[in-house]
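Asker: Just to be clear, the model below is a prediction. Sequence and coordinates:
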Amino acid sequence: MTDRLTEYIINSTLQKNTVNFRRSNISNPNDEGKTSVRLLVRGKVQGVYFRFNMQEVAKKNHVVGWVRNLPDGNVESFIEGKEEDVNLVVEWSKVGPENARVDDVKMDYGQYTGNYNDFIIRHD
């Protein structure tokens, strides 16, 4: 009797812990309508608080990712979130803060990754 009871408990536990996975084009239904974009901002964009201001704009618009200075004097950023929120930050980056002079913004849109929880300034 004890063996049957033990077998029943083991089988019941295994069945409760079984998880079925399904493949889908959307990894998470909450990711629908979200996007990512990599920006390369050229011009007088270093030494004018571009990264700090971009971080503030990104946080106000509820997007995540990062921004960093490049050795060539440009700024690179990776932004993701709801498409309309991302686009607001992209539009801001075409103008930048008060003392900046933005000559060009290269944009490379991609699929939402969900790898970020905050918008940070990178120092690498």
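Answerer: Perfect, thanks for sending it. Computed from a predicted model, the values in this text were never measured in an experiment.
Asker: quick one: contacts for the most centrally placed residue in the chain?
Answerer: With distances taken as CA atoms, centre = their mean, residue 80 lies nearest the centre of the chain, 3.6 Å away. Going by CB atoms under 8 Å, 6 or more residues apart in numbering, residue 80 touches 34-37, 63-65, 86, 112-114, 116. The way it works is simple: take the backbone N, C-alpha and C, and place the C-beta from them, glycine included.
Asker: Go ahead and confirm residue 77 touches residue 66.
Answerer: Yes - using CB atoms under 8 Å, residue 77 is in contact with residue 66, at 6.7 Å.
Asker: Neighbour count for the two, which is higher?
Answerer: residue 77 (25 against 19; other CB atoms under 10 Å).
Asker: bridging residues for the more buried one?
Answerer: residue 39, residue 67 (DSSP bridges).
Asker: Output the helix or strand where residue 89 lies as CSV, nothing but the C-alphas.
Answerer: Per DSSP states H and E: residue 89 is located in helix 83-93. The C-alpha coordinates for helix 83-93 follow below in CSV (Å, rounded to 0.1, in the frame of the first residue of the first chain):
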residue,chain,number,x,y,z
GLU,A,83,6.8,52.6,-30.7
GLU,A,84,5.2,56.0,-30.1
ASP,A,85,7.4,56.6,-27.0
VAL,A,86,10.5,55.6,-28.8
ASN,A,87,9.7,57.9,-31.7
LEU,A,88,9.3,60.9,-29.3
VAL,A,89,12.9,60.3,-28.0
VAL,A,90,14.1,59.9,-31.6
GLU,A,91,12.6,63.2,-32.6
TRP,A,92,14.1,64.9,-29.5
SER,A,93,17.6,63.5,-30.5
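Asker: name the helices or strands packed onto it?
Answerer: Contacts defined by 3 or more CB pairs under 8 Å, 6 or more residues apart in numbering; DSSP states H and E place helix 83-93 against strand 34-44, helix 50-60, strand 75-82, strand 101-110.
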